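S.K.: the sequence and its predicted three-dimensional model are supplied below.
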Amino acid sequence: AQSVTQLDSHVSVSEGTPVLLRCNYSSSYSPSLFWYVQHPNKGLQLLLKYTSAATLVKGINGFEAEFKKSETSFHLTKPSAHMSDAAEYFCVVSRAPGNTGKLIFGQGTTLQVKP
Amino acid sequence: NAGVTQTPKFQVLKTGQSMTLQCAQDMNHEYMSWYRQDPGMGLRLIHYSVGAGITDQGEVPNGYNVSRSTTEDFPLRLLSAAPSQTSVYFCASTRLGGSSYEQYFGPGTRLTVT
């Protein structure tokens, strides 16, 4: 069965310092993995996706993630945090192979950015 | 395109009342789904549909009904509201197959059941 675990419920960084949000997954097949972001009182927006092409995936707003099969991880990083990055981030795995639409969400990580 | 729209934005219900949350998309997506978001639990799938006339249950379907009479609309019905259904509800849509994989989310409906 597929599952995803976000290892931190809350991460706090200072503006201009690196961001690391950790995600581990479990999948019985080669998964599709995603990071979504939710700003306060807003809907969710796709940050980036891994769908079995390049293992280092670049997304919007300077975020990137690396798919590591040996570690079953898909951590999200950004070299330098901006105040506007403060939001909730969700690591997501596909429920089934291919683009079936069915997703499993992690519990979410709240990113706080301090001035 | 308006994308995915949801109404209402906020709703307060008393226990036992019924209501319908509306969701519409104008992108001609086959797949539509409803999630509920609760603190510390991420989003959980309630029901989904792969096309008009086809619906199926997700992880947490109890207490909710759906129907899909058109490609554009996917309403969620609460038959007899309970305090446990206090949550934020999101509708999403996507095009199946292909390489995009991106799901488009509505702005959410915040529901409180007293």
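M.R.: Received the coordinates, thanks.
S.K.: not counting sequence-adjacent ones, nearest residue to the residue nearest in space to the middle of chain B?
M.R.: Closest residue to the average C-alpha location of chain B: B:Trp34 at 2.7 Å, with CA atoms, centre = their mean. The shortest distance from B:Trp34 to any non-neighbouring residue, by CB to CB, 6 or more residues apart in numbering or on different chains, is to B:Ile46 (4.4 Å). Every C-beta, even on glycine, is put in place using the N, C-alpha and C of the backbone.
S.K.: circling back: and the residue nearest to the centre of chain B, what helix or strand is that in?
M.R.: strand B:31-37 (DSSP states H and E).
S.K.: for that strand, give the mean pLDDT please.
M.R.: For strand B:31-37, mean pLDDT is 96.
S.K.: same check, this time on stretch B:75-92
M.R.: 96.
S.K.: okay, and the beta partners of A:Gln6?
M.R.: A:Cys23 (DSSP bridges).
S.K.: that one touches A:Cys23, doesn't it?
M.R.: Yes. If you go by CB atoms under 8 Å, A:Gln6 and A:Cys23 touch, sitting 5.4 Å apart.
S.K.: neighbour count for these two, which is higher?
M.R.: A:Cys23 (24 against 20; other CB atoms under 10 Å in any protein chain shown).
S.K.: residue contacts, that one?
M.R.: Applying CB atoms under 8 Å, 6 or more residues apart in numbering or on different chains, we find A:Cys23 in contact with A:Val4, A:Thr5, A:Gln6, A:Leu7, A:Leu33, A:Trp35, A:Ser73, A:Phe74, A:His75, A:Leu76, A:Cys91, A:Gly106.
S.K.: mind doing that once more with 10 Å?
M.R.: When contacts are counted by CB atoms under 10 Å, 6 or more residues apart in numbering or on different chains, A:Cys23 is found next to A:4-8, A:33, A:35, A:65, A:72-76, A:89-93, A:106, A:109.
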